[in-house]
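Visitor: one predicted model, sequence on top.
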Amino acid sequence: MPLQNMKAIQTVTVGAGGATSIEFTNIPQTYTDLVLKVSARDDRPTNEYNFLEISFNGSASTYNQRDIGGNGSIAYSSTDDLGANKPYIFTNAAGSTASTFSNGEIYIPNYTSSNAKSFSIDGVTENNATAARAVMSAGLWSGTSAITSIRLLTYSAGGRTLQQYTTATLYGVSNTIAGGAKAYGGTVTEDANYFYHTFLASGTFTPTSNITADYLVVAGGGGGGGCTSNGTHSAGGGGAGGLRSTVTATGGGGTIESALSLTASTAYTVTVGAGGAGSSDATGSNGNNSVFGSITSTAGGGGGGRTTGTGQNGGSGGGASATGGGTTGGTGTANQGYAGGNVSGSDPAGAGGGGAGGAGSSVTSPNGPGTGGNGVATSISGSSVTYAGGGGGGGNSNVTTGASGGTGGGGAGGNRTGTGTGTSGIAGTTNTGSGGGGSPSLSSATPGVTGGNGGSGIVIVRYSK
């Protein structure tokens, strides 16, 4: 496969009044492929999902689509000769979990050709139920004109409305470097002074000339621990992934790092670490390392759970839970992150996971759960963004509400709503490297109640024009 760059063409975000459609017009014909990323929710009242129809150049027919998918209960496949209908991507509807949005991607190769246009769709709804859906589709539009417009339209039955904060971004994909950029790889943006290459998933960064590059490398956050069969002790929050940066600040209170001298035509590995899984009744899993060339950031430590109260070591350490009257949080990595909080006393809640900018809060009986350590703000992307917050501890029989996560995307701890009922810890925010929240304490193992998953990491590379 040739080296490729992605460049944002346009972003549309739905405002407070809602919208029935999103449309991209006058699409430039200077790229090889198009990628459309969508995060959506509409007001369909009676179901957890809906459809967002896709049309090219205003065409309402001559589409075919093959689907494979599942919803937590079943897996299926189907072939659709869509006829007068349009291809579609799933969206969250009003019947889904509050304030959640679907995520999906539509890939359209060779969109300027005079042949029929193929496309692929990958989408998932977000919902705390087995009805949540994940679907992959491959399709064909028989139109032979170059694609100059794309329209996303809510399913027509009932006249649905896309909700505020629904967002769609159209990217152009090229195997050449446009606009004077000096490297391939990631999603490329620019301002008056710099080019920025953002990696939300693993890839390679290949400069076309010798350059000096700044970087942000954030590892995947640790999952929150679980204590759902212990009536009193809640679990610790996951630790944030290690954060290493050459701009503004780095993790663990260290001195910002030095920029890298990179050699032309050398492919530098970029690995974006996944977040660790939250647990239902044990220690949360550590995240995964992120890498840019010679720079490695250490995965966040999992939060302590019922079977092992000690938080795991990592870029930032996981918070402890109480399984024997006193346990310790995991340690952080020097110049990357801080330790998770400790617990002490006979009946304490879970401690907070460490963040890149501060330690997780410790807990002493009978106080409430500990908050996650704060993250670190950096302006490497051209504006100040905070990453790598620790997860909060879960609620218990003394204080039922889970603690908040640290700034930068740390997940809050789960709430205890009864002796055998509660809510899961919240996941760390995707592509921030933040830790997941710990589970609440419940009297017996409760299906579906777990610590939150850690957030995946991110890599950003910046160099001067």
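Guide: Noted; the coordinates are in hand.
Visitor: C-alpha from now on. contacts and neighbour counts both.
Guide: Will do.
Visitor: mind listing the strands for the stretch 101-250 of the chain?
Guide: 102-109, 117-124, 134-141, 150-154, 167-174, 183-184, 187-190, 194-199, 203-207, 211-218, 243-245 (DSSP state E, counting those that start in this stretch).
Visitor: and residue 385, which of those strands is closest to it?
Guide: strand 211-218 (11.3 Å; C-alpha to C-alpha).
Visitor: and for that closest one, what's in contact with it?
Guide: When contacts are defined by C-alpha atoms under 8 Å, 6 or more residues apart in numbering, strand 211-218 is touched by residues 182, 241-247, 258-264, 272, 290-292, 295-297, 380, 387-388, 432-433, 457-464.
Visitor: switch the cut-off to 7 Å
Guide: The contact list for strand 211-218 (C-alpha atoms under 7 Å, 6 or more residues apart in numbering) reads 241-247, 259-263, 290-292, 297, 433, 457-463.
Visitor: what's the ChimeraX line that selects buried ones from the residues you listed?
Guide: A single ChimeraX command selects the buried members of the contacts of strand 211-218 (16 or more other C-alpha atoms under 10 Å):
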select :241,242,243,244,245,246,247,259,262,290,291,292,297,433,457,458,459,460,461,462,463
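Visitor: looking at this structure, which helix or strand is least sure?
Guide: Ranked by mean pLDDT, DSSP states H and E, the helix or strand of the chain with the weakest confidence is strand 75-83, at a mean of 69.
Visitor: okay, now the unreliable bits of the protein?
Guide: Along the chain, the parts satisfying pLDDT under 70 run over 1-4, 80-85, 128-130, 156-159, 176-179, 231, 324-326, 445.
Visitor: mean neighbour count, the strands of the stretch 101-250 of the chain: which tops it?
Guide: With neighbours defined as mean count of other C-alpha atoms under 10 Å, these peak in mean count at strand 243-245, which reaches a mean of 32.
Visitor: what is that one packed up against?
Guide: Under the contact criterion of 3 or more C-alpha pairs under 7 Å, 6 or more residues apart in numbering; DSSP states H and E, strand 243-245 touches strand 211-218.
Visitor: you'd agree residue 390 is up against residue 370?
Guide: No: no contact is recorded between residue 390 and residue 370 when judged using C-alpha atoms under 7 Å, the distance being 10.4 Å.
Visitor: what sits in contact with each of the two?
Guide: 352, 360.
Visitor: in contact with residue 149, which residues?
Guide: Counting by C-alpha under 7 Å, 6+ apart, residue 149 has contacts 24, 25, 26, 27, 56, 57.
Visitor: and if we set it to 10 Å?
Guide: Contact analysis of residue 149 by C-alpha atoms under 10 Å, 6 or more residues apart in numbering lists 23, 24, 25, 26, 27, 28, 55, 56, 57, 58, 59.
Visitor: cool, residue 168 as well?
Guide: If a contact means C-alpha under 10 Å, 6+ apart, then residue 168 has 10-14, 22-24, 36-40, 103-105, 152 as its contacts.
Visitor: show me how to select, in ChimeraX, the buried members of those residues.
Guide: Remark: buried members of the contacts of residue 168, expressed as a ChimeraX selection using 16+ other C-alpha under 10 Å:
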select :13,14,22,24,36,37,38,39,40,103,104,105,152
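Visitor: by neighbours, which of the contacts of residue 149 wins?
Guide: residue 56 (22 neighbours; other C-alpha atoms under 10 Å).
Visitor: and that one, how far from residue 21?
Guide: 13 Å (C-alpha to C-alpha, to the nearest Å).
Visitor: and for these two, which residues touch both?
Guide: Overlap of the contact sets of residue 56 and residue 21 (by C-alpha under 10 Å, 6+ apart) consists of 151, 152.
Visitor: pick the one among the contacts of residue 149 closest to residue 439.
Guide: Nearest to residue 439 among the contacts of residue 149, counting by C-alpha to C-alpha, is residue 23 at 41.5 Å.
Visitor: all set, thanks.
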